[in-house]
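In: how would this look folded up:
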Amino acid sequence: MNNQTAWTGRLLMIVAAALAVGTVGWLAVSGPTAGGALLCLVPAAVVCIALVMGGVYLNRQSVVEVAQTKSFEEQWQWREEERRARLYVADRLEQAAARVGANDAAPRPFLAELRGLAERLRRPGNEQGVPPTISADNFQALKSLDASLMAKADELDTATDRWLAGDQNALRDGASQLRQMVDRRTEVLLGDTQLKTAREVLAGEAKSSTPRGDVSALKLNDAVSAGGKDYTVSGRMLFDDRGVQWSRYQLRSGTEERWLLALNGGVDTYWLAPRDVPGGLFGSSGPAEVTGFTLRSQGTAEVTIEGMGGARRGLLIDYRRLVSQDDGLLWVERWPDGSLFAFEGERVGKYELEVYQQTK
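Out: Have a look, this model is predicted:
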């Protein structure tokens with residue numbers, strides 16, 4: 001695209017130069033009267049100036065596009081490195097949890113901490129949306145932190161060996177240090193994004209509770225209160241299947257993350273919890289049955305993803321919505337790259353949510 005823009009700009013300037021030379025040459029050869037020369041020069045000058053200005057603009061636009069393309073490619077390269085490191089650590093934590101958990105004397109709090117950290121590193125919030133832009137300094141800090149995390153995960157293997165050999169103190173501080181490093185990693189990854197805390201939104205002037213029917217109108221930096229905890233809207237996915245629209249929101253409270261699905265204009269709202277993806281839902285012969293659930297709707301939606309790093313539009317995501325007899329929900333998505341995500345949903349209570357929209 002930037003090459004085409006640059007060549008178009010150069011072509012306009014060449015045309016302008018040719019027009020100017022042609023006009024001057026014609027005047028020199030034909031020798032018109034002063035009035036005739038003026039009538040010829042004025043329109044030619046206007047057209048030449050317009051062509052030159054258009055050429056200059058397109059050339060500048062080409063430079064901007066080149067810079068944006070380079071930045072975009074650099075960001076996704078950095079993100080891919082970040083993803084590989086994150087999943088490496090998650091794998092090692094899960095392996096350690098499996099080894100320790102096979103022993104009946106395994107410390108349950110330690111196991112829960114390891115599994116929770118692995119889930120945080122794998123959870124969909126890290127894989128979806130438009131993440132904040134990583135600065136060069138933050139990327140170097142992230143690389144250093146990831147190297148330390150990977151080394152700590154490797155140390156955990158040795159500590160697990162010692163614990164299995166009878167050293168009861170081998171795993172005493174491992175989970176605590178890992179949690180601090182994962183928390184710090186989240187802070188570095190978010191960088192300098194202007195994400196307000198829920199308290200900042202709630203403390204603003206002219207705060208107002210939004211009726212439940214308007215939950216689907218939530219935007220980035222709005223706040224949601226539930227169960228005595230305040231969350232900030234840090235991401236939104238807007239689905240559109242042939243005019244039928246609904247939203248899935250990413251909510252954050254510190255390092256905690258939750259997902260909220262708003263259907264039918266926010267009238268039907270569910271808390272979503274990630275789960276294993278059932279097999280066969282996207283088979284060529286039609287969706288397979290899932291024990292305890294009945295297929296209610298399916299299709300392909302055009303999705304716009306909004307995050308603190310910007311927006312991505314036009315993604316085509318296949319979805320399946322299944323319901324259970326006790327009003328539960330199973331929500332499954334297949335992304336363009338073939339990735340599958342599944343969530344179990346619990347209907348939000350009638351008075352459980354308080355929604356606060358940010359005033360500008």
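In: ok, Asp137 to Ser144 distance?
Out: Counting by CB to CB, to the nearest Å, the gap from Asp137 to Ser144 is 11 Å. Heads up, the C-betas are built off the backbone N, CA and C, glycines and all.
In: may I see the buried residues of the helix or strand containing Leu111?
Out: Per DSSP states H and E, Leu111 falls inside helix 108-122. Neighbour counts using 16 or more other CB atoms under 10 Å place 110-111, 113-115, 117-118, 120-122 of helix 108-122 among the buried residues.
In: tabulate these (CSV), appending distance to Ile14 and pLDDT.
Out: Below are the buried residues of helix 108-122 laid out as CSV (distance: CB to CB, whole Å; pLDDT from 0 to 100):
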residue, distance to Ile14, pLDDT
Phe110, 72, 78
Leu111, 71, 79
Glu113, 67, 80
Leu114, 66, 83
Arg115, 65, 83
Leu117, 61, 83
Ala118, 60, 84
Arg120, 57, 77
Leu121, 55, 81
Arg122, 55, 76
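In: out of the residues you listed, who's nearest Gly266?
Out: Of all the buried residues of helix 108-122, Gly266 sits closest to Arg120, with 27.9 Å by CB to CB.
In: the nearest residue to that closest one once chain neighbours are set aside in helix, strand or coil?
Out: Of all residues not flanking Arg120 in the chain, Val182 sits nearest, at 6.2 Å (CB to CB, 6 or more residues apart in numbering). With DSSP: H, G, I helix; E, B strand; the rest coil as the basis, the three-state label of Val182 is helix.
In: gap between Val182 and Val24?
Out: In this view, Val182 and Val24 are 71 Å apart by CB to CB.
In: one more: Glu302?
Out: Taken as CB to CB, the span from Glu302 to Val24 is 54 Å.
In: skip ahead from the helix-or-strand element of the chain with minimal mean pLDDT and say which helix or strand is next.
Out: Within the chain, no helix or strand scores below helix 124-127, which has a mean of 52 by mean pLDDT, DSSP states H and E. Following helix 124-127 in sequence order, the next helix or strand is helix 136-164 (DSSP H and E).
In: pull out the buried residues from that following helix.
Out: 138-139, 141-142, 145-146, 149, 152-153, 156, 159-160, 163-164.
In: then stretch 170-179?
Out: When burial is assessed from 16+ other CB under 10 Å, stretch 170-179 yields the following buried residues: 170-171, 174-175, 178-179.
In: tell me, how many residues neighbour Glu354?
Out: A total of 14 residues lie near Glu354 under the criterion other CB atoms under 10 Å.
In: can the buried residues of stretch 170-179 go into a markdown table with extra columns for secondary structure?
Out: What follows is the buried residues of stretch 170-179, written out as a markdown table (three-state DSSP):
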| residue | secondary structure |
| --- | --- |
| Ala170 | coil |
| Leu171 | coil |
| Gly174 | helix |
| Ala175 | helix |
| Leu178 | helix |
| Arg179 | helix |
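In: now tabulate those residues in CSV and tack on distance to Val52 and pLDDT.
Out: Putting the buried residues of stretch 170-179 into CSV (distance: CB to CB, whole Å; pLDDT from 0 to 100) gives the following:
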residue, distance to Val52, pLDDT
Ala170, 74, 75
Leu171, 72, 76
Gly174, 67, 62
Ala175, 66, 72
Leu178, 61, 80
Arg179, 61, 78
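In: and the helix holding Leu111, how far out from the chain's middle?
Out: 23 Å (CA atoms, centre = their mean, to the nearest Å).
In: if we can go back for a sec, list just the nearest of the buried residues of helix 108-122 to Leu220.
Out: Proximity of the buried residues of helix 108-122 to Leu220 (CB to CB) peaks at Arg120, which lies at 21.3 Å.
In: distance of the closest one relative to Val348?
Out: Look at Arg120 and Val348: by CB to CB, they are 23 Å apart.
In: try Arg242
Out: Noted for Arg242: a distance of 26 Å to Val348, by CB to CB.
In: with neighbour numbers in mind, choose between these two.
Out: Higher neighbour count among Arg242 and Val348: Val348, with 19 against 9, using other CB under 10 Å.
In: shouldn't that one be in contact with Tyr270?
Out: Yes. With contacts counted by CB atoms under 8 Å, Val348 reaches Tyr270, the gap being 6.3 Å.
In: so Gly280 is in which element?
Out: Per DSSP H and E, there is no helix or strand for Gly280.
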